Every structure is written in C-alpha cells, then in structure tokens.
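Q: Need coordinates for the below:
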Amino acid sequence: MTRDRLDRTYRGLMKLAGAYGMLALCVFFAGVPRQIDAGAHMLVPIAVATPGVLVAASLMRPRLLPPWFARPERPMHLVPVLLGHGLLPLLFLVPGMGAVIALNLPEPLSRALGTIAAGVPFALFGLCWWIGLALCLWRDTGGSSPQREGPATTRVVPKRPSYPRLSAEQLADLRRQRGG
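A: Down below sits the predicted model:
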C-alpha cells in the first residue's frame with residue numbers, strides 16, 4: 001500500500017467521522033426539547049455536544065484542520081495526531097447516544113442502538129489512529145509522493161561571484177578609469 005493511498009484513506013475516514021458526528025449532533029439537538037419536556041437535565045450534554053458541531057464541520061473540511069493533523073508526515077506530528085484521535089471519539093459519544101435516546105425506542109433496542117452509536121466514532125477514529133501512526137512514521141524513500149519542502153529543508157548557498165584574473169597593467173588601467 002502506498003503512502004498516497006494511506007493518506008487518502010486517512011482523510012476519507014476523518015470526513016466520514018465528521019459526517020457521522022454532524023448527523024448524530026443534528027438528531028441529538030432535535031431531541032433536546034423533548035428531553036427537557038420530559039424533565040431531563042440537559043445542560044451538561046448540551047455543553048459537551050456544542051463544541052462537537054465545530055469539530056465535526058472541521059473534520060468534514062480538511063482544509064480547516066491544521067496541516068500536521070490533516071496530513072501527518074513527520075514523527076513530531078505523532079503526539080498531537082495520536083492524542084487527537086484518542087480523544088475525539090469522546091466528543092461524539094454523548095451526541096451519538098443522545099440521538100438514540102431522542103428516538104424514544106423501547107429499552108432493549110434503545111440500549112443496543114446506543115451502544116452501536118457510541119461505538120461508531122471509536123471505530124472510525126481508531127482506524128484514523130493507526131493510519132496516522134503509520135503516516136507519521138513513514139519514511140519516504142523517493143517513492144510516489146514528494147516530500148514538501150519548507151524553510152527547514154531548503155538551504156540556499158550563495159554563489160561566489162567570479163572575477164577575471166587581471167594583469168598588473170590591466171589592474172592599473174582599471175584603477176585609473178575609476179578615479180583611484
């Protein structure tokens with residue numbers, strides 16, 4: 001498997017996770033009024049789910065993500081990528097289960113669907129975690145994708161100007177012409 005294919009899979013899984021999170025958030029927020037009418041305390045779930053809208057929108061549009069998260073390519077990107085993919089499923093856990101609760105299904109079915117709804121982000125971000133690990137540690141040896149050149153990798157060495165060798169007479173003429 002090439003690095004390009006892994007990179008496309010990584011970005012595709014992040015878009016899919018963002019779309020799933022946005023769907024779960026929409027269903028969750030649609031069911032909030034019913035839950036409040038039923039007497040449920042919804043302040044904490046709403047506070048947890050609200051930043052999820054921004055995160056889900058960012059995951060669906062990789063250009064909005066920092067480059068080290070959207071396209072990891074160095075070992076120094078390892079900590080934020082692995083930590084991010086480890087914590088992001090927790091952000092979609094409450095809305096996923098809340099979306100199932102909002103459907104007001106009978107108990108055994110609701111419990112099973114809630115578990116599945118909570119497991120989907122863990123599965124998607126778990127795959128992103130492993131692929132992000134591979135992308136951070138992948139050393140490109142002149143393969144299919146060129147390494148990006150940045151200020152740290154490009155070194156410009158100025159070329160020393162070359163002057164023609166002048167004889168003593170030519171050097172004296174040159175000095176006379178310049179007034180010296």
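Q: contact partners of the least confident helix or strand in the chain by mean pLDDT?
A: Least confident helix or strand of the chain, by mean pLDDT, DSSP states H and E, is helix 67-70 with a mean of 82. Contact partners of helix 67-70, identified using Cβ atoms under 8 Å, 6 or more residues apart in numbering, comprise 11, 14, 62-63, 74, 77, 80-81, 84. Backbone N, C-alpha and C define where each C-beta goes, glycine included.
Q: name the helices or strands packed onto the lengthiest helix in the chain?
A: Secondary structure assigned by DSSP state H gives helix 3-37 as the longest helix of the chain. Other helices and strands packing on helix 3-37, by 3 or more Cβ pairs under 8 Å, 6 or more residues apart in numbering; DSSP states H and E, are helix 43-60, helix 78-102, helix 107-137.
Q: Show me the one of those helices that comes nearest residue 20.
A: Evaluated over those, closeness to residue 20 peaks at helix 107-137, with 5.8 Å, by Cβ to Cβ.
Q: which residues are contacting the helix or strand that the closest one is followed by?
A: Scanning forward in sequence from helix 107-137 by DSSP states H and E, the next helix or strand is helix 168-177. The contact list for helix 168-177, computed with Cβ under 8 Å, 6+ apart, reads residue 166.
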